[in-house]
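**Q** just to be clear, the model below is a prediction. Sequence and coordinates:
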Amino acid sequence: MFKNKSYIGISFIILIFGIYAVPKIVDRISNGEVVKGNRLDNVGLKTSKADAKLITIGPAPKFELTNQDNIKVSNETYKGKVYVLEFFFTTCPSICPKMNLSMLEIEKTFFGNPNFGIVSITIDPKHDTPQVLKDHAKLLGVKSSNWNFLTGDKATIMDLSNKGFNLYAGENEKVSGGFEHSGLFALIDKDGNIRCRKDEFGNPNIYYDGLDKKGVRDIQEDIKILLAE
């Protein structure tokens with residue numbers, strides 16, 4: 001009889017504990033709080049903020065073209081610098097004006113930082129001579145000496161865009177301006193590697209949308225990470 005009462009008492013205590021504690025444990029698991037204890041902080045390999053957030057796609061394609069000052073500029077020019085690269089053309093009537101505004105915003109954020117630069121490569125080199133590019137930069141109000149507008153051999157540039165960076169660029173007489181191209185920006189680190197963040201499913205978003213406010217905001221956040229590396 002005594003044993004039965006003991007079992008009933010123990011069962012009652014376990015029941016009360018379950019009613020009180022289980023919902024709290026479930027809440028902590030749902031909120032991710034269970035893994036926040038100090039004992040778990042040091043488990044596994046330590047990674048930097050950049051390692052945790054950004055991934056390396058691989059070396060950016062090499063290039064050597066002529067800038068708005070008629071000076072040869074290559075990927076080696078940007079060695080040791082973080083830079084953003086785009087493809088455009090000066091007479092583009094569609095997406096380029098928006099891309100220009102996005103790039104100007106990026107320039108403003110990092111203006112004066114010698115370790116940051118921008119590369120804008122024309123896909124219409126026949127029209128976009130160094131002088132045309134120089135006038136275009138002046139029209140935009142570009143201030144950074146590390147923002148190069150590049151021109152060169154058309155076939156080389158098209159290969160660089162389509163095969164090198166895998167960013168579409170091509171001629172199309174049916175569209176306004178005669179050319180089509182991507183509105184994406186490439187982010188390259190100090191070692192010449194293409195870097196990016198992951199999407200919500202853990203897949204790499206290789207390039208940043210230069211036509212979207214979130215894309216421009218994301219790339220600015222990631223530039224700061226790379227500059228701190």
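**A** Received the coordinates, thanks.

**Q** secondary structure of Lys134: a helix, I assume?
**A** Yes - counting by DSSP: H, G, I helix; E, B strand; the rest coil, Lys134 is part of a helix.

**Q** so it touches Gln68, yeah?
**A** Yes - contact criterion C-beta atoms under 8 Å: Lys134 and Gln68 qualify, at 4.0 Å. The C-beta positions use only the backbone N, C-alpha and C, and glycine is treated the same way.

**Q** shared neighbours of those two, which are they?
**A** Residues touching both Lys134 and Gln68 (C-beta atoms under 8 Å, 6 or more residues apart in numbering): Phe149.

**Q** the two: which has the busier surroundings?
**A** Neighbour count, other C-beta atoms under 10 Å: between Lys134 and Gln68, Gln68 has more, with 24 against 16.

**Q** who touches that one in this structure?
**A** If you count contacts by C-beta under 8 Å, 6+ apart, Gln68 has them with 130-131, 133-134, 136-137, 148-149.

**Q** now the two most distant members of those.
**A** Gln131 and Asn148 (14.7 Å; C-beta to C-beta).

**Q** more crowded one of the two?
**A** Between Gln131 and Asn148, counted using other C-beta under 10 Å, Asn148 has the larger neighbour count: 25 against 11.

**Q** can I assume that one is in contact with Asn67?
**A** Yes - under the criterion of C-beta under 8 Å, Asn148 makes contact with Asn67 at 4.3 Å.

**Q** over to Val84. Which of the three states is it?
**A** strand.

**Q** so what sits against both of Asn148 and Asn67?
**A** Joint contacts of Asn148 and Asn67 (C-beta under 8 Å, 6+ apart) are Val73.

**Q** if I look at Asp69, how far off is Lys62?
**A** According to C-beta to C-beta, to the nearest Å, Asp69 and Lys62 sit 21 Å apart.

**Q** more neighbours, the two?
**A** Remark: of Asp69 and Lys62, Asp69 carries more neighbours, 14 against 11, as counted by other C-beta under 10 Å.

**Q** could you check how far that one is from Gln131?
**A** Distance, Asp69 to Gln131, by C-beta to C-beta: 10 Å.

**Q** could you do Leu54 as well?
**A** Distance, Leu54 to Gln131, by C-beta to C-beta: 38 Å.

**Q** can you check Thr91 too?
**A** Remark: distance between Thr91 and Gln131 (C-beta to C-beta) = 14 Å.

**Q** would you map the helices across the protein?
**A** Taking DSSP state H as the criterion, the chain carries its helices at 2-30, 38-41, 49-53, 96-110, 130-140, 154-159, 213-227.

**Q** got the buried residues for the fifth one?
**A** What it means is helix 130-140. Buried residues in helix 130-140, counted by 16 or more other C-beta atoms under 10 Å: 130, 132-134, 136-137, 140.
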